[in-house]
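**Q** After the sequence you'll find the predicted model.
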Amino acid sequence: MPTRAPIRLWKMLWGECWRLVLLVTAALTAIVAFAAGVRPLAEGQLDPLDALRFMGLSVVPMLQFTAPFAAGFAATLVHHRFASENEALAASAAGISHRRVLAPALALGLTLTLIVAGLANFVIPTFLQAIQRLITRDVAHVMISAIERGESAEFNGLVIHADRAIRGQSDPSRGVTDRVFLFGVVAYDAGDGGTIRAEVAAERAEALLTRERADGEPVTVVRMRLEGAVGRQAGEGLGEVGAITIGPWIVPNAFRDSPDLYTFSGLRELRRSPERNAAVDTHRRRLAAALHARRVERLIDDALAGEGRLTLRDAIGTRLSVWASEARPDDARRRLISREGAGVAVDLADAAGVERRLIAERAWISVSTNESGGPASITLELQNVAAVGDAAGTRDRRAFEALTLDADSGASFYDAPAADLLAETRRIDPAGADGRLASFRAALEDRIARLEREILAVHNERFALAASCLFIAALGAVVALRRRDGGPLQVYLWSFFPALAAVVTISGGENVAGDNPAVGLAVLWAGVAALGAYTLVELRALGRH
């Protein structure tokens, strides 16, 4: 064979492999993208036009799964034809080794490895974000479709069932982008571990959807008004609620929910700022609310220990001066203790300057914080209370709700990063003596640790899928040369099933790694390692022939 024969052989095999790779990749990707778009279309999540957009956007993400199989198929068919037509024997007789014959397939696999790795880390996440936004942008449509199928709609732990749903008119003057009327409504708040913290049933409900901004990003916010409602909270009996408004709930931005939707640089930023993840941010806000409540309780203690007076205000500007010496823990509330032991005095002064005094035999104060931020809501409960100078006598109970403390804002906690909140919790409660703080701190640390494991799993999955292109292409070429007497498709099955097993173990290992990194990563890379080992076994067998 002439000296330039190896070069011509390389060009021939290289060109044939790439021609088949492009054809097979286009066909496989179109089929998989179509299959991916059928389900959301059938479930009513997308209309036909959006389904076509979905399929178009799915083409690029599907390349990381179709490219390895296309590489294996192309390498197998090209090298099988080369071997079955005795060109491999001629090349061997001319002194061209198997390694030179396999070099184009290895170069093809390596090139696809680099391409898939680049796509997976820098391009595909952008398309996945667009796909998720396409599915979740019409929240009202998703809610109505779910209810019409007899399923439930869920918003940040609130699960809603209804007999019927009707879409209403939007109200741009109030910022309402969508309105949904629900009939025969049952809703419950699912806490951690699947426990039901509260549930309510109503004859009719109106869901108002608005577009707002959270952390600089546009989000959909849901508020719901229920009429003719009855409900109960955990540990309490059923009671009539009447008409109530619940919410708001932020429908999570698709980009914030999964590490799969971040580019390589985005994952690095997510490690530094884990609160960008919606699940982590939920736990961060719960810890912020607990720290906020603790700080307000300390402000109350300091005020009572100093001058023996606590000054509060209600929503209409009435000032309440509570005279007591301390507040002792009493279950979920804190009992106020009078300095003189003759009851707790409360001076009321309204906006007009009219003052009056209440004397209560017992008094309790409780602090409630909202995960969305803002000042804490303080409730003052008085028992056996009488007004000084009022001949009407005593009342069994009187409560002042939605009170605020002038020194309280709470903003510093809710805007703080997760790392700062954890550091503050360790500083003020290093031994975990405060059970409430300790539980929220542990939950946030666990969720951040899980996010770290998920990021590690995503990195490994992307590089494992990219590496599989090299091993699958090499295995296809080696099997084709060794089994040249078999039919093309029959020979391809010898590399197809190991390749399929490798892709399955990669995806399965990525899912397991979120809970158990050692086992998950071992499973994830086991398929790739098995491909490499199988290729070496086939190559040694080829060398003996």
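**A** Arrived safely, thanks for sending.
**Q** When you work out contacts or count neighbours from here on, use the C-alpha atoms and nothing else.
**A** Fine.
**Q** which of the residues in the helix or strand containing A289 are buried?
**A** When elements are assigned from DSSP states H and E, A289 belongs to helix 278-306. For helix 278-306, a neighbour-count test (16 or more other C-alpha atoms under 10 Å) marks 278-294, 296-297, 299-304 as buried.
**Q** Contacts only, for I96.
**A** For I96, the contact set (C-alpha atoms under 8 Å, 6 or more residues apart in numbering) comprises P6.
**Q** what do you get for Y492?
**A** Applying C-alpha under 8 Å, 6+ apart, the residues contacting Y492 are 72-73, 76-77, 476, 479-480.
**Q** a markdown table for the residues you listed, including distance to A187 and neighbour count?
**A** Shown next, in a markdown table, are those (distance: C-alpha to C-alpha, whole Å; neighbours: other C-alpha atoms under 10 Å):
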| residue | distance to A187 | neighbour count |
| --- | --- | --- |
| G72 | 51 | 29 |
| F73 | 52 | 27 |
| T76 | 57 | 32 |
| L77 | 58 | 22 |
| G476 | 55 | 31 |
| V479 | 59 | 25 |
| A480 | 60 | 29 |
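**Q** So which of those residues are in helices?
**A** Cross-referencing the contacts of Y492 against helices under DSSP state H gives 72-73, 76-77, 476, 479-480.
**Q** Can you pick out the most distant pair from those residues?
**A** The largest separation in the ones in helices among the contacts of Y492, counting by C-alpha to C-alpha, is between F73 and V479 at 11.3 Å.
**Q** tell me the mean pLDDT for the helix or strand encompassing F497?
**A** Taking DSSP H and E as the criterion, F497 maps to helix 488-513. Helix 488-513 comes out with an average pLDDT of 93.
**Q** which is the next helix or strand following it?
**A** helix 517-543.
**Q** And that following helix, what's buried?
**A** Those would be 517, 520-532, 534-535, 538-539, for helix 517-543 by 16+ other C-alpha under 10 Å.
**Q** which ones are touching S92?
**A** By C-alpha under 8 Å, 6+ apart, the contact set of S92 is H98.
**Q** Any chance of the backbone angles for it?
**A** Main-chain dihedrals, S92, degrees, to the nearest 10: phi -60, psi -40.
**Q** How about T263?
**A** Residue torsions, per degrees, to the nearest 10, at T263 are phi -70, psi 180.
**Q** The protein: helices as residue ranges?
**A** So, for the chain - with DSSP H - the helices run 5-42, 48-84, 87-93, 98-118, 124-136, 139-148, 264-272, 278-306, 411-414, 418-428, 435-482, 488-513, 517-543.
**Q** Out of these, which gets nearest to G317?
**A** Taking C-alpha to C-alpha, helix 278-306 is the member of those nearest to G317, at 19.3 Å.
**Q** how about the lengthiest strand in the chain: buried residues?
**A** For the chain, the longest strand by residue count, based on DSSP state E, is strand 196-214. Of the residues in strand 196-214, 198-210 count as buried by neighbour count, 16+ other C-alpha under 10 Å.
**Q** swap in stretch 368-375?
**A** The neighbour-count check on stretch 368-375 (16+ other C-alpha under 10 Å) flags 368-371, 373-375 as buried.
**Q** Show me what it is in contact with.
**A** 285-286, 288-290, 292-293, 376-378, 404-405, 408-411, 414.
**Q** ok, so of the buried residues of strand 196-214, who is nearest A35?
**A** Closest to A35 out of these is L209 (31.4 Å), distances taken as C-alpha to C-alpha.
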